[in-house]
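*Asks:* Pasting the sequence and the predicted coordinates here, then a few questions.
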Amino acid sequence: MKIGCPKEIKPQEFRVGLTPNAAQEAVGHGHQVIVETGAGLGAGFTDEDYQAAGATIIGTAQEIFAAADMIVKVKEPQPAERKMLREGQLLFTYLHLAPDPEQTHDLLASGCTAIAYETVTDDRGGLPLLAPMSEVAGRLAPQVGAWTLQKANGGRGVLMGGVPGVGPARVLVIGGGVVGTHAARVAAGMGAEVTVLDRSLNRLRYLDDVFGSSFRTGYSSAGLLAEHLAQADMVIGAVLVPGAAAPKLVKRADFASMKPGAALVDVAIDQGGCFETSRATTHADPVYEVDGIMHYCVANMPGAVARTSTIALGNATMPFMLALADKGWKKACADDPHLLNGLNVHAGQLTYDAVGKALGIDVVAPASVIA
Ligand SMILES: NC(=O)C1=CN([C@@H]2O[C@H](COP(=O)(O)OP(=O)(O)OC[C@H]3O[C@@H](n4cnc5c(N)ncnc54)[C@H](O)[C@@H]3O)[C@@H](O)[C@H]2O)C=CC1
Ligand SMILES: CC(=O)C(=O)O
Ligand SMILES: [Mg+2]
């Protein structure tokens, strides 16, 4: 199979879909790998690194999209990339379709087959291709939140760990999954007083068992959420209902009871965000203010630490990428129901229920398109 890796074109996105190590594995499996010139530079990989791995360097994205059987990327295809996708071509990348009707319609119109990293599952109920980037974004969230809390950035002027004689920042994390756990660990490590709310009692039990007294846990009811919002210096939004648009848990009306200059970090923004007032921002202009509350809503946070993120993502995607290339997508999905769960679009039809529900589009059963 011919595997194509274009340079990412989303603003300030420095990750790349294939590492030289992944390219080398694919070449070792008998595949041809074509990489756009400069695609890896943001993550510290040169064209020569890819050539040494056996890949061919190509001058333009147009040539990659025209030649490749499978396109491997990081972020959802941008409008210019969507125009280059074609019937029968396989796209393997993050998609986040539920909050993005334009992208969904373009993918359907292209006739391509699209497998979304974020809905591939594993045996333990996890999302193995979302997890590495959730680990990164979770660990980044208190760091960017602490920056947002600084006075010059519009924040409340509160130091995460406080100092002797002055108490620490209060950090509320909504959603105790991968993002929430890593965010809580780092915020607690910075000395903040941290509470994590979740709707899963099993998850709260796990957090309590593993992290003991380093942060508190609570059941995410509207009443408890309101209590904690009023106290918080920083709120990290980390909820997920897989594939679906994020529930809007914090409303604009809640801001009246919050501290002026509090920082909201909406990591769930790639699924539409869990604060009513959230809209996606970029690394170039990450923060805006609504009613005195600062919002950080960057939808590709891991792009800020592109080298760490690219390697972490590549570690997770490689076996799936190789299965798709070795077997073709139909057999790879037939053999692995977890990979089949990643199928969102095929030949003009949606194949993922939560996306169809969010956008009001009919869905066909994924099993029916691999039969
Ligand atoms: N902005 C960015 O750059 C990035 C965003 N993300 C996003 O972060 C979000 C979280 O991802 P993960 O932590 O991997 O998901 P996860 O599935 O590990 O955790 C989500 C948690 O939310 C909880 N939850 C669901 N509804 C809730 C509610 N009403 N109240 C409280 N908790 C609730 C679930 O029980 C679960 O524990 C996703 O939208 C993901 O796409 C992930 C990586 C990067
Ligand atoms: C998960 C995601 O949206 C990202 O890594 O950019
Ligand atoms: Mg997006």
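*Replies:* Perfect, thanks for sending it. Numbering: from 1, shown residues only. Ligands and ions are numbered 1, 2, ... in the order given.

*Asks:* make it CA atoms for all contacts and neighbour counts henceforth
*Replies:* Noted.

*Asks:* Run through the residues of this structure sitting next to ligand 1.
*Replies:* Contact residues of the chain with respect to ligand 1, defined by CA under 6 Å from any ligand atom, are listed as 130-131, 133-134, 137, 174-180, 197-200, 220, 238-241, 267-271, 298-302.

*Asks:* Point out the ones among those that are inside helices.
*Replies:* 131, 133, 134, 137, 178, 179, 180 (DSSP state H).

*Asks:* Reformat those residues as a markdown table; add pLDDT and distance to ligand 2.
*Replies:* Converted to a markdown table, those look like this (pLDDT from 0 to 100; distance: CA to the nearest ligand atom, whole Å):
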| residue | pLDDT | distance to ligand 2 |
| --- | --- | --- |
| 131 | 98 | 8 |
| 133 | 97 | 5 |
| 134 | 98 | 6 |
| 137 | 98 | 8 |
| 178 | 97 | 12 |
| 179 | 98 | 10 |
| 180 | 98 | 14 |
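
*Asks:* Which member of those residues is positioned nearest residue 334?
*Replies:* Closest approach to residue 334 among those (CA to CA): residue 131, at 23.2 Å.

*Asks:* wait, residue 115 sits on residue 89?
*Replies:* No - judged on CA atoms under 8 Å, residue 115 makes no contact with residue 89 at a distance of 11.1 Å.

*Asks:* Between the two, which is the more surrounded one?
*Replies:* residue 115 (25 against 20; other CA atoms under 10 Å).

*Asks:* Secondary structure of that one: a strand, I assume?
*Replies:* Yes - per DSSP: H, G, I helix; E, B strand; the rest coil, residue 115 lies within a strand segment.

*Asks:* and the gap between the spatially closest residue to it that is not a sequence neighbour and residue 334?
*Replies:* Using CA to CA, 6 or more residues apart in numbering and skipping the chain neighbours, the partner closest in space to residue 115 is residue 343 (4.3 Å). Counting by CA to CA, to the nearest Å, the gap from residue 343 to residue 334 is 11 Å.

*Asks:* do the same with residue 93
*Replies:* 19 Å.

*Asks:* Which one of those two is surrounded by more residues?
*Replies:* Per other CA under 10 Å, whichever of residue 93 and residue 334 has more neighbours is residue 93, with 22 against 15.

*Asks:* ok, what's across the strand from the more buried one?
*Replies:* When bridges are called by DSSP bridges, residue 93 pairs up with residue 116.
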